[in-house]
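Participant: sequence? don't have it. structure:
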């Protein structure tokens, strides 16, 4: 079970890293295209605008794909958690009790 949980964590981190990388890539492309538009003539404006829109559409498609992949990983993690709770209810209850005690202890110290 621990190996599966570690795999889920790793997949979530990979998904997060992928989203950050794709966002930075899209932002960089958009920034470069805005610079091109600022330096272009009136004739080049239409082609630059088309290029910006194409780039944004491609970035949106990549982010949608990554979002659906992260959502699938979250559903898998939720399913795994449900199975773990059903197989180990007393351990989960004990962990929740300890966590509640610690939170109560820390809050009461204020």
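Facilitator: Ah, there it is. Computed from a predicted model, the values in this text were never measured in an experiment.

Participant: can you map out the helices along this structure?
Facilitator: 2-39, 42-87, 89-108 (DSSP state H).

Participant: could I get the ones you listed in TSV, plus columns for mean neighbour count?
Facilitator: Every C-beta, even on glycine, is put in place using the N, C-alpha and C of the backbone. Below are the helices of the chain laid out as TSV (neighbours: other CB atoms under 10 Å):
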stretch	mean neighbour count
helix 2-39	13
helix 42-87	13
helix 89-108	10
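
Participant: what would those look like in TSV with mean pLDDT?
Facilitator: Output for those, formatted as TSV (pLDDT from 0 to 100):
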stretch	mean pLDDT
helix 2-39	68
helix 42-87	80
helix 89-108	92
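
Participant: who are the contact partners of residue 20?
Facilitator: Applying CB atoms under 8 Å, 6 or more residues apart in numbering, we find residue 20 in contact with no residue.

Participant: state the distance from it to residue 67.
Facilitator: Residue 20 is 13 Å from residue 67, where distance means CB to CB, to the nearest Å.

Participant: before we move on, what about residue 90?
Facilitator: 37 Å.

Participant: could you do residue 26 as well?
Facilitator: With CB to CB as the criterion, residue 26 and residue 67 are 13 Å apart.

Participant: same thing with residue 22?
Facilitator: Residue 22 is 10 Å from residue 67, by CB to CB.

Participant: just residue 82 next, same as before
Facilitator: Taking CB to CB, one finds residue 82 at 23 Å from residue 67.

Participant: and for residue 18?
Facilitator: 10 Å.

Participant: repeat that for residue 79.
Facilitator: 19 Å.

Participant: can you check residue 103 too?
Facilitator: If you go by CB to CB, the gap between residue 103 and residue 67 works out to 32 Å.

Participant: what does residue 91 give?
Facilitator: In terms of CB to CB, residue 91 sits 33 Å off from residue 67.

Participant: and residue 47, what does it touch?
Facilitator: Here residue 47 is in contact with no residues (criterion: CB under 8 Å, 6+ apart).

Participant: excluding chain neighbours, what is closest to residue 85?
Facilitator: For residue 85, ignoring the flanking residues on the chain, the nearest one in space by CB to CB, 6 or more residues apart in numbering is residue 92 at 5.0 Å.
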